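Enquirer: here is the input, now give the coordinates:
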Amino acid sequence: MTETKALVLLFAGLMALTCVAAIVLSVTNAGGVVFGFVAVFLVGLGGFASSCVVMHYGKVEERRKREEIILSR
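Expert: Okay, the predicted model is just below:
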């Protein structure tokens, strides 16, 4: 899987999670503070997860470049 596909799937999953959380909070008549806490949590989760994806694919790219250098010798 490419980095782009992984990021698209990650953000699609986070969007689905956000929609479910918004529906649940709306049904339970939660206040604005709770919506704010959930929003901050989801934004933090998205930032953490996307940085993990980018770091993982950076390591894969470095490994591929090292293999190319070794094989070209």
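Enquirer: quick one: mean pLDDT for stretch 61-73?
Expert: Here stretch 61-73 scores 87 as its mean pLDDT.
Enquirer: I meant stretch 38-53, not that one.
Expert: Model confidence over stretch 38-53, given as mean pLDDT, is 95.
Enquirer: buried sites along that stretch?
Expert: For stretch 38-53, the buried set under the neighbour-count rule, 16 or more other CB atoms under 10 Å, comprises 38, 42, 46, 49. All C-beta atoms are positioned from the backbone trio N, CA, C, and that covers glycine.
Enquirer: go through those residues and name the one nearest residue 67.
Expert: The shortest gap between residue 67 and any of the buried residues of stretch 38-53 belongs to residue 49, at 27.4 Å (CB to CB).
Enquirer: which residues of the chain fall in helices?
Expert: Using DSSP state H, the helices of the chain run over residues 3-27, 32-72.
Enquirer: which residues sit against the shortest one?
Expert: In this structure, residues lying in contact with helix 3-27 by CB atoms under 8 Å, 6 or more residues apart in numbering are 34, 35, 38, 42, 45, 46, 49, 50, 53, 54, 57.
Enquirer: can you list these in a markdown table and add distance to residue 66?
Expert: What follows is those, written out as a markdown table (distance: CB to CB, whole Å):
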| residue | distance to residue 66 |
| --- | --- |
| 34 | 48 |
| 35 | 47 |
| 38 | 42 |
| 42 | 37 |
| 45 | 32 |
| 46 | 31 |
| 49 | 26 |
| 50 | 25 |
| 53 | 21 |
| 54 | 19 |
| 57 | 15 |
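Enquirer: no further questions, thank you.
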